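Student: Whatever this is, show me its structure:
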Amino acid sequence: MAGTRADRRAERAAVRADRSGSGPVLEERPSARFPGAAAKFALFGEVLMVGLLVVLVGVLVVTLPVALAAGIRHLGRYIAAEDSRLALFWRDVRAGLAGGSLLGLIVVVVAAVLAVDIVLARSGMLPGGVVVEAVGWTGLAALAVGLLIAAGAWDPQTGWRNAVRSVPSIVRDDIRGLVFYIAAVALVVILTWMLPPLLPAAIGCAVLAVVAVPQRRRSR
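Tutor: The predicted structure is shown next:
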């Protein structure tokens with residue numbers, strides 16, 4: 001009887017491993033492209049957790065680039081069914097903290113300048129206020145999209161300078177992919193504006209989009 005129960009437990013564990021992609025398959029079939037994404041509810045939970053981690057690490061704002069980069073790399077490993085321990089997320093945070101914080105400071109300064117221009121344009125103190133405001137909002141959107149792309153391109157070996165320099169070529173090589181990045185930024189803004197507690201979930205979805213866009217580009 002004990003042997004039968006043990007066999008049943010082993011069988012259920014094998015089925016779970018087969019469905020999640022974390023273990024050997026029970027039947028011969030082509031391997032899944034994204035084995036870690038086979039369990040949809042588990043993937044949803046991982047997206048939420050990554051969103052919370054990014055918010056936690058990026059709470060100082062200047063640390064947001066490294067938070068996004070570490071979250072993107074973690075979720076990429078999870079979807080590929082690779083080693084996705086949280087220790088690796090924190091290792092990426094430590095590896096990218098210096099350069100990422102400098103990039104974050106630059107982003108904050110540029111965003112502050114654009115925000116001031118928007119406020120002044122709305123106050124009527126600047127000539128051509130409508131145009132200035134439009135340029136300001138466009139600049140903020142471009143800054144946010146560029147930050148997402150750079151975070152997705154970051155690698156501990158090549159560093160932040162190479163990630164930032166690769167942004168124009170990434171956009172040029174996949175104009176359609178740019179639409180997904182813009183949609184990801186818009187999702188974060190709209191959901192957070194509607195209900196601020198949704199920020200971690202929105203950030204997690206944006207991270208998932210950054211992971212998915214390059215994979216889509218490679219599959220074409």
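
Student: use CA for all of it now, contacts and neighbours both
Tutor: Noted.

Student: Report the mean per-residue pLDDT for stretch 119-130.
Tutor: Mean pLDDT, stretch 119-130: 82.

Student: oh, I was asking about stretch 96-106
Tutor: 95.

Student: Run through who's touching it.
Tutor: Stretch 96-106 has contacts (CA atoms under 8 Å, 6 or more residues apart in numbering) with V61, V62, T63, L64, P65, V66, P156, G159, W160.

Student: Would you map the helices across this structure?
Tutor: Per DSSP state H, the chain carries helices over the ranges 2-20, 40-57, 64-79, 86-123, 129-153, 159-165, 167-173, 175-194, 199-219.

Student: For the fourth one, buried residues please.
Tutor: Within helix 86-123, the residues that qualify as buried are 89-90, 92-93, 95-97, 99-101, 103-105, 107, 111, 114-115, 117-121, counting by 16 or more other CA atoms under 10 Å.

Student: Pull the contacting residues for L48.
Tutor: Taking CA under 8 Å, 6+ apart, we find L48 in contact with P200, A201, G204.

Student: what does G146 give?
Tutor: Contacts for G146 (CA under 8 Å, 6+ apart) come out as V167.

Student: Model confidence score at the closest residue to W90 other than its chain neighbours, please.
Tutor: Computed as CA to CA, 6 or more residues apart in numbering, the closest residue to W90 that is not its neighbour in sequence is A70, at 7.6 Å. Note for A70: predicted pLDDT of 96.

Student: Verify the stated contact: A70 with R94.
Tutor: No - counting by CA atoms under 8 Å, A70 stays clear of R94, with 9.4 Å between them.

Student: Tally up the residues packed near I175, please.
Tutor: Using other CA atoms under 10 Å, I175 is surrounded by 10 other residues.

Student: Show the model's pLDDT score for it.
Tutor: Looking at I175, the pLDDT reads 89.

Student: Contact partners for the closest residue to L147 other than its chain neighbours?
Tutor: Computed as CA to CA, 6+ apart, the closest residue to L147 that is not its neighbour in sequence is P65, at 6.8 Å. The contact partners of P65, by CA under 8 Å, 6+ apart, come to G58, G100, S101, L103, G104, L147, L148, A151.

Student: Distance check, P65 against W90.
Tutor: According to CA to CA, to the nearest Å, P65 stands 14 Å off from W90.

Student: cool, V211 as well?
Tutor: Using CA to CA, V211 is found at 18 Å from W90.

Student: hmm, back to that, what's the least confident stretch among the helices of the chain?
Tutor: helix 2-20 (a mean of 58).

Student: Tell me, how many residues neighbour the nearest residue to G58 once chain neighbours are set aside?
Tutor: Distances taken as CA to CA, 6+ apart put L64 closest to G58, at 4.0 Å, once the chain neighbours are dropped. Around L64 there are 25 other residues, counting by other CA under 10 Å.

Student: Please report how far L64 lies from V107.
Tutor: Taking CA to CA, one finds L64 at 10 Å from V107.

Student: same deal with L114?
Tutor: Computed as CA to CA, the L114 to V107 distance reads 11 Å.

Student: can you check V130 too?
Tutor: From V130 across to V107, the span is 24 Å (CA to CA).

Student: All good on my end, thank you.
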